[in-house]
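**Student:** Sequence and computational prediction follow.
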Amino acid sequence: MGSLTYAQGLVLLLSASLWAVSVANRQWRYGFNYSDWGHNYKPRPCNSTNDAPASTPKKIIVGGSQQWTFGVDYADWAIKNGPFYLNDTLVFKYDPPSENNTHPHSVYLLPNMWSFKKCDLTNAVEIANVTQGGGDGFEFVLEKWQPYYFACGGGNGFHCNNGTMKFSVMPSFRRWHF
């Protein structure tokens, strides 16, 4: 096998970085206790209710109380509200088109980091149109262990291109506490 090209190395480095950020956890305890392994293993209780994520998936409203709207930095929101886990549901809530809402939103799933960086919706899949965010919102389940790249297609790409109506997540596996 030959060496990696610059682009392959960059993709590998960025993928590893995304993975590392996705598994970061504010309550992480460093180190392992290898004495617990093997046939003498005894379950130990968690120290608090915040010690570990619940074993059941969560529903997370994208943008929190501000929802999916223009002017919110969703990359920052994703960092502050992570980590996200497999089978968690992202809920995109936004107002449908109306007389007062002349720049409606939508949700696109971009195929890769390059499309995400450039806000290139050419090969993206529209997963929620301008009307699907109303009411209870549009739900998207993080079913696979892979990076997901989301963007708004509103304003002919302006909502994404201004740098705020896009974010990526890399769901991680839930930790088990015994």
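**Tutor:** Nice, I can see it.
**Student:** What separation do you get for the closest residue in space to residue 67 that isn't next to it in sequence and residue 74?
**Tutor:** The shortest distance from residue 67 to any non-neighbouring residue, by C-beta to C-beta, 6 or more residues apart in numbering, is to residue 93 (4.3 Å). Where C-beta positions appear, they are placed from N, C-alpha and C, glycine not excepted. Residue 93 is 13 Å from residue 74, where distance means C-beta to C-beta, to the nearest Å.
**Student:** Residue 56 now?
**Tutor:** Between residue 56 and residue 74 the computed distance is 25 Å (C-beta to C-beta).
**Student:** ditto for residue 90
**Tutor:** Taking C-beta to C-beta, one finds residue 90 at 11 Å from residue 74.
**Student:** any common contacting residues for the two?
**Tutor:** 62, 150 (C-beta atoms under 8 Å, 6 or more residues apart in numbering).
**Student:** Residue 56 and residue 74: which has the busier surroundings?
**Tutor:** Neighbours around residue 56 and residue 74, counted as other C-beta atoms under 10 Å, are more numerous at residue 74. The numbers are 23 against 8.
**Student:** where do the contact lists of residue 93 and residue 74 overlap?
**Tutor:** Residues touching both residue 93 and residue 74 (C-beta under 8 Å, 6+ apart): 62, 63.
**Student:** Secondary structure class of the residue lying closest to residue 70 once chain neighbours are set aside, three-state.
**Tutor:** In this structure, residue 70 finds its nearest non-sequential neighbour in residue 159, 5.8 Å apart by C-beta to C-beta, 6+ apart. Put simply, residue 159 is helix when judged by DSSP: H, G, I helix; E, B strand; the rest coil.
**Student:** How about the contacts made by residue 159?
**Tutor:** Here residue 159 is in contact with 70, 103, 105, 151, 152, 153, 165 (criterion: C-beta under 8 Å, 6+ apart).
**Student:** do you know how far it is from residue 66?
**Tutor:** As judged by C-beta to C-beta, residue 159 and residue 66 stand 14 Å apart.
**Student:** got it, and residue 89?
**Tutor:** For residue 89, the distance to residue 66 equals 18 Å [C-beta to C-beta].
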